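In: Just to be clear, the model below is a prediction. Sequence and coordinates:
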Amino acid sequence: MAQLLDFEQPIAALEGKLREMQQLALDSQVDVSAAVTALEAKINALKKETYQNLTRWQRVQLSRHPDRPYTFDYILGMSQKFVELHGDRTVGDDKAMVGGFAEIDGRTVMLIGQQKGRNTKQRQFRNFGMPNPEGYRKALRLMKLAEKFNVPVVTLIDTPGAFPGLEAEERGQGEAIARNLKEMFLLKVPVICIIIGEGASGGALGVAIGDRVLMLENTWYSVISPESCSSILWRSWDYKEQAAEALKLTANDMLGNKLVDGIVSEPLGGAHTDAPTMIQTLRETILSTLAELDALSPEDRISQRIDKFSDMGVVLE
């Protein structure tokens with residue numbers, strides 16, 4: 001059964017009435033087609049009004065919906081072949097960061113992304129999608145491998161942040177992320193980065209330097225989560241809604257501030273309401289974006305990549 005968010009309750013109530021009306025028609029052979037049509041129209045209007053006017057916090061909630069497609073859902077849904085690669089060749093294999101060669105409509109690409117879990121056991125196995133340093137070193141190894149074979153890189157970003165544990169810091173979490181930033185600027189192959197869920201802080205940025213950085217419609221990208229921001233500023237998580245508004249972390253906010261290059265539309269109600277359509281939409285977006293980037297030389301791509309990120313931000317003197 002689908003899990004409902006608080007702002008979805010009025011829609012669910014109307015959908016419940018619709019099911020009751022349809023069942024009544026079946027049981028009693030009474031013609032209620034006019035009433036059903038009217039109620040369906042009311043539901044569709046309410047959906048459009050609700051999802052087109054979501055607050056920033058509500059979009060954060062949608063980005064975390066437990067039924068939302070994760071990295072492996074996109075990889076397996078988009079590609080005809082996928083060979084997962086493991087390990088950073090130094091410490092171990094980080095299960096929170098996954099990747100490998102994939103074939104999408106005859107085009108070989110390197111797909112890399114953070115993977116969350118669906119249940120408690122999977123979440124523990126994937127460390128809740130929070131990579132350790134070996135995860136970022138693994139991602140960089142796969143990017144360099146893709147560059148060696150002239151294969152484009154696509155990263156799928158969905159993380160609450162890099163793992164903040166003591167052991168991660170001891171193994172060089174900051175250095176691993178910083179090295180990824182430097183090396184991704186200089187990759188000679190096309191690089192596309194897509195935020196498919198949560199894009200939190202350096203944990204997201206460590207695999208988000210690309211020729212094109214895209215966000216799904218109901219995702220967020222920020223230096224800090226609303227809850228953590230609230231706990232720092234107000235010493236409580238109770239102000240997370242105000243924090244989300246202040247952070248301006250939604251896809252529209254990021255595009256307006258020229259921090260991302262585009263927004264990928266989701267089905268009405270979010271990616272989880274129609275995962276197959278969302279996966280195919282992303283597949284088409286990746287292929288069309290790659291076609292644009294193929295027209296540029298490696299030198300031009302690197303130059304434009306550096307210039308794009310160098311131009312970000314505002315300096316007041």
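Out: Yes, it's here.
In: what is the rounded mean pLDDT of stretch 271-280?
Out: In this model, stretch 271-280 carries a mean pLDDT of 95.
In: Report the buried residues of that stretch.
Out: 271-275, 278-279 (16 or more other Cβ atoms under 10 Å). Just so you know, the C-beta spots here come from the backbone N, C-alpha and C atoms, and that holds for glycine as well.
In: Now render these as JSON lines, adding secondary structure and distance to residue 163.
Out: Converted to JSON lines, the buried residues of stretch 271-280 look like this (DSSP: H, G, I helix; E, B strand; the rest coil; distance: Cβ to Cβ, whole Å):
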{"residue": "271", "secondary structure": "helix", "distance to residue 163": "25"}
{"residue": "272", "secondary structure": "helix", "distance to residue 163": "25"}
{"residue": "273", "secondary structure": "helix", "distance to residue 163": "31"}
{"residue": "274", "secondary structure": "coil", "distance to residue 163": "32"}
{"residue": "275", "secondary structure": "helix", "distance to residue 163": "27"}
{"residue": "278", "secondary structure": "helix", "distance to residue 163": "28"}
{"residue": "279", "secondary structure": "helix", "distance to residue 163": "28"}
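In: Please identify which pair of those residues lies farthest apart.
Out: Within these, two members stand farthest from each other by Cβ to Cβ: 273 and 279, at 12.8 Å.
In: Could you report the distance from residue 314 to residue 233?
Out: 22 Å (Cβ to Cβ, to the nearest Å).
In: what do you get for residue 103?
Out: Residue 103 is 47 Å from residue 233, by Cβ to Cβ.
In: Tell me the secondary structure of residue 162, please.
Out: coil (DSSP: H, G, I helix; E, B strand; the rest coil).
In: where's the closest residue to it other than its chain neighbours, which helix or strand?
Out: Distances taken as Cβ to Cβ, 6 or more residues apart in numbering place residue 203 nearest to residue 162, at 3.6 Å, with adjacent residues excluded. Using DSSP states H and E, residue 203 falls within helix 201-205.
In: what's the answer for residue 13, then?
Out: With DSSP H and E as the criterion, the answer for residue 13 is helix 9-28.
In: mind listing what's buried in that helix?
Out: 11, 15, 18, 21.
In: For residue 69, state which of these is nearest.
Out: residue 11 (20.8 Å).
In: give the contact list for that closest one.
Out: Going by Cβ atoms under 8 Å, 6 or more residues apart in numbering, residue 11 touches 43, 46-47, 50.
In: doesn't residue 92 fall inside a strand?
Out: No. Under three-state DSSP, residue 92 falls outside any strand and is assigned coil.
In: State the distance from the residue lying closest to it once chain neighbours are set aside to residue 89.
Out: In space, residue 92 comes closest to residue 134 once its chain neighbours are excluded; the distance is 5.5 Å by Cβ to Cβ, 6+ apart. The gap separating residue 134 from residue 89 is 9 Å, by Cβ to Cβ.
In: So between those two, which is more surrounded?
Out: Legend: neighbour count by other Cβ atoms under 10 Å for residue 134 and residue 89, higher for residue 134 (24 against 11).
In: Assign a three-state SS to the more buried one, would you?
Out: helix.
In: residues contacting it?
Out: Contacts of residue 134 (Cβ under 8 Å, 6+ apart): 87-88, 90-94, 171, 176.
In: same thing but 10 Å
Out: For residue 134, the contact set (Cβ atoms under 10 Å, 6 or more residues apart in numbering) comprises 87-94, 96-97, 141, 168, 171-173, 176.
In: Let me see the confidence value for it.
Out: Residue 134 is given a pLDDT of 97.
In: How about residue 15?
Out: At residue 15, pLDDT is 88.
In: My guess is it contacts residue 269. True?
Out: No. Under the criterion of Cβ atoms under 10 Å, residue 15 makes no contact with residue 269, lying 11.1 Å away.
In: Common neighbours of those two, please.
Out: Counting by Cβ under 10 Å, 6+ apart, the residues touching both residue 15 and residue 269 are 8, 47.
In: ok so, going back, go through the buried residues of stretch 271-280 and name the one nearest residue 192.
Out: residue 279 (15.6 Å).
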